[in-house]
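# coords please:
(2 chains)
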Amino acid sequence: MPEMIACFKWVIDEAYIRRGPEGELDLSSVNYKISEYDRNAIEEAVRLREAHGGSVIPVTVAAPEAAKGVKDALSRGGDRAFFIADEAFHDLEPSQTAAVLAEVIRSRIPHDLILCGEGSGDLYAQQVGPRLAEHLEIPCISFVQKLSIEQGRLIAERKVEEGLEVVAAPLPALVTVLPDINVPRIPGVKDTLAAAKKPFVTVKRDELSGKYEAHLATLLVRATQMERQCERFGTQPEDVARFLESLRKKGAIGQKGG
Amino acid sequence: MAGVWIFSERYEQLLELLNAGRRLARSMGTKLSAMSQLDPEKAATLFSHGADAVLVLPPLSENPSLDAFIPVIVAEVRKEDPDVFLLSATLRGRELAARIAARLNTGLCGNCIALEIDRDDGALRMERLVYGGAGLQAVTCSSRPAMASIPPGTFEPAPADGEGKGVVRTLPAPPPSAVQIIERKTKTSRGTDIAEARVVIGVGRGFEKEEDLHLAGELAEALGGEIGCTRPISAELHWLPEEVCIGLSGLQVKPDLYVGLGISGQIQHATGIRSSKWICAVNKDENAPIFAVADFGIVGDLYDVIPKLIAALKN
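Residues are numbered from 1 along each chain as shown, chains lettered A, B, ... in the order given. Predicted structure coming up:
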């Protein structure tokens, strides 16, 4: 029965990000959430457990505030979790996150399959999964939209530019999943209560032996700008006609329709 | 040997990377090397597009997974020690770049949309989007090589502007990948159509039922456009195929005209349409974020507005 690790990240909910007066990112009133893509990874692990048995172990590397995320991951169907938490784990870059995950997974968490989202909701660097596979020296299949375990090996449909490839790989292996692989269930009250009783292990920075130095230095982060005209129109036929006239004047549509 | 290296498994993207790499190599006063999976004859055409050196990966028997080449690419990079290594951020390329960076123990600017050499300190400054496109991050890399994966279409292809010649060197063959390809399925061309379309109609959650999408179809026909959608429409409702999903993690479209119907305008979707020349929106919620990123918006029910638009266009 497969032991499955679902990696997740506790990220800023980008819907709450505002643009500050100086073009800076205003993060003063943000909420946090499990990165959307990682919810698909957890859900897929739970589905595989429903089909094959085994267990689902959510794992995250984060600052201590992310404890809420660990509960959330357990309420989404994890059996037990690993919370690799330290003040030093604010704003890690993907290479660091992958290296930390690799050390903990290698030394403490037996696994047949590791599932990651295709990227994180904040950085969307799309590196942690593939880098983690390299550290663990296991096969990596990215951008998976369909997944099954058949006769002890992994069968996956991965998206590529020309369409898709159906591939097979021996276990243990790592996959990164696309959002359309499933629709994550929304935890109910029962799930939340059950999650409170599930075990999780906290791993601290000083229990790890790696150095985890950064390779990238961030020079700046600022808000992006979309400078648009922002003209508004009503719904009366004459408003609609004015709307189309504006588009014609800009050359966005031809004189007669499209 | 230092230099700027590029790799892509696709010819169009090699030309785009040659353009990006050429500029860097010039400002660094160094050479530009292209690595590809092309046959040697086709690979030789890269010289006239600006490559100083061309390396090719050997053909492998029967359908290898591209990741089979990672050990060969890594060995070559270790041997030659380039300063900069750019890969195209195709789906395969993004995985490849991250895995190569892990083996080389270096940094990677994933989905890099701009890069330049700083005139003062000579460092490579790379930019990328964060927070679903709400933010822009600029980074430098302190390890060698500095790596970036660059989305297709970020740069124009390098023109053929000389009779550049050189010797194409073929790299040794790697052992097979643990990932075995069982079947390849080529998709319908819809995704490509919308990426190239002059007019794109975006469908969002404002549509109540799948049957109602004919309204979007009729407007698309009247405007000569293609239909795309937001993530919930393809991933959750499956009303439209995932190939036409527009957003940061889907397609990034750049039509002359984009019309969002019943789309709230979450940042990921807004990022997918930001390169459109003109953006229009129809939404009954006047506070929908789509209006902040639209040039022309109609605040109204799409079921009321679309027939009026079609009637006016036919008039």
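
# Where do the helices of the stretch 151-300 of chain B begin and end?
According to DSSP state H, counting those that start in this stretch, the stretch 151-300 of chain B carries its helices in the segments B:190-196, B:214-223, B:231, B:267-273.

# Look at residue 72 and report its pLDDT.
Just going to use chain A. pLDDT for A:D72: 98.

# Chain B is the one I meant
For B:V72, pLDDT reads 96.

# buried ones in the helix or strand that it is a member of?
For B:V72, the host element (DSSP states H and E) is helix B:70-80. By neighbour count with 16 or more other Cβ atoms under 10 Å in any protein chain shown, helix B:70-80 contains the buried residues B:I70, B:V72, B:I73, B:V74, B:E76, B:V77. All C-beta atoms are positioned from the backbone trio N, CA, C, and that covers glycine.

# Same check on stretch A:211-229?
For stretch A:211-229, by 16+ other Cβ under 10 Å, it's A:Y212, A:A214, A:H215, A:L216, A:A223, A:T224, A:R228.

# ok so, going back, most neighbours per residue, which of the helices of the stretch 151-300 of chain B?
Comparing the helices of the stretch 151-300 of chain B by mean neighbour count (mean count of other Cβ atoms under 10 Å in any protein chain shown), helix B:267-273 ranks first with a mean of 25.

# Could you export that helix as CSV, CA atoms only?
C-alpha atoms of helix B:267-273 as CSV (Å, rounded to 0.1, in the frame of the first residue of the first chain):
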residue,chain,number,x,y,z
ILE,B,267,-5.1,38.4,-10.8
GLN,B,268,-4.0,35.1,-12.5
HIS,B,269,-6.5,35.6,-15.3
ALA,B,270,-5.6,39.3,-15.6
THR,B,271,-2.0,38.3,-16.0
GLY,B,272,-2.9,36.0,-18.9
ILE,B,273,-4.6,38.9,-20.8
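
# Can you confirm whether stretch A:108-120 lies near chain B?
Yes - residues of stretch A:108-120 contacting chain B under Cβ under 8 Å from any Cβ of the partner chain: A:E118, A:G119.

# Just the terminal-to-terminal distance for that stretch.
End-to-end distance for stretch A:108-120: 24 Å, by Cα to Cα, to the nearest Å.

# so where do the helices sit in the stretch 151-258 of chain A?
Using DSSP H, counting those that start in this stretch, helices in the stretch 151-258 of chain A cover A:189-197, A:237-249.

# and chain B, which of the ones you listed is closest to it?
helix A:237-249 (4.6 Å; Cβ to the nearest Cβ).

# Tell me who's in contact with the residue of chain A found nearest chain B.
Ranked by Cβ to the nearest Cβ, the top residue of chain A for proximity to chain B is A:H215, at 2.9 Å. Shown in contact with A:H215 (Cβ atoms under 8 Å, 6 or more residues apart in numbering or on different chains): A:E93, A:S95, B:N105, B:T106, B:G107, B:C141, B:S142, B:S143.

# Need the phi and psi values for it.
In terms of degrees, to the nearest 10, the main-chain angles of A:H215 are phi -100, psi -30.

# Give me the spatial nearest neighbour of it, chain neighbours excluded.
B:G107 (2.9 Å; Cβ to Cβ, 6 or more residues apart in numbering or on different chains).

# Tell me, how many residues neighbour that neighbour?
For B:G107, the count of nearby residues is 26 (other Cβ atoms under 10 Å in any protein chain shown).

# That one contacts B:A146, doesn't it?
Yes - B:G107 is within contact range of B:A146, at 6.9 Å (criterion: Cβ atoms under 8 Å).

# does any bit of the strand or helix carrying B:I113 sit next to chain A?
Counting by DSSP H and E, the element that carries B:I113 is strand B:112-117. No - using Cβ under 8 Å from any Cβ, we find that strand B:112-117 stays clear of chain A, coming within 10.0 Å at best.

# what helices or strands is the helix or strand following that strand leaning on?
The C-terminal neighbour of strand B:112-117 among helices and strands, as given by DSSP H and E, is strand B:124-130. With contacts taken as 3 or more Cβ pairs under 8 Å, 6 or more residues apart in numbering or on different chains; DSSP states H and E, strand B:124-130 sits against strand B:108-109, strand B:112-117, strand B:135-141, strand B:146-150.

# I'd like to know which helix or strand in chain A has the lowest mean pLDDT.
Lowest by mean pLDDT, DSSP states H and E among the helices and strands of chain A is strand A:18-19, with a mean of 88.

# Check which strands are paired with the next helix or strand after it and give the direction for each one.
Per DSSP H and E, strand A:18-19 leads on to strand A:25-26 as the next helix or strand towards the C-terminus. Sheet partners assigned to strand A:25-26 using DSSP bridges are listed as strand A:18-19 (antiparallel).

# ok, and what's touching the strand it pairs with?
With contact meaning Cβ under 8 Å, 6+ apart, strand A:18-19 is reached by A:L25, A:D26, A:S28, A:S29, A:A223, A:Q225, B:A134.

# What remains of those residues if I keep only buried residues?
Among those, those classed as buried by 16+ other Cβ under 10 Å are A:L25, A:A223, B:A134.

# now the strands: where do they sit in the stretch 51-200 of chain A?
With strands called from DSSP state E, counting those that start in this stretch, the stretch 51-200 of chain A shows them at A:55-62, A:81-85, A:113-117, A:140-150, A:153-160, A:163-170, A:173-177, A:200-203.

# what is the orientation angle of the fifth one with strand A:140-150?
Note on geometry: by axes from the mean of the first three to the mean of the last three Cα atoms, to 10 degrees, strand A:153-160 and strand A:140-150 are set 140 degrees apart in direction.

# Give me the average confidence score over strand A:153-160.
Strand A:153-160 shows a mean pLDDT of 96.

# So for it, what gets flagged as buried?
Under the neighbour-count criterion of 16+ other Cβ under 10 Å, strand A:153-160 has A:L154, A:I155, A:A156, A:E157, A:R158, A:K159, A:V160 buried.

# How about the contacts made by the fourth one?
Remark: with contacts taken as Cβ under 8 Å, 6+ apart, A:E157 is in contact with A:V144, A:Q145, A:K146, A:L147, A:L164, A:E165, A:V166, A:V167.
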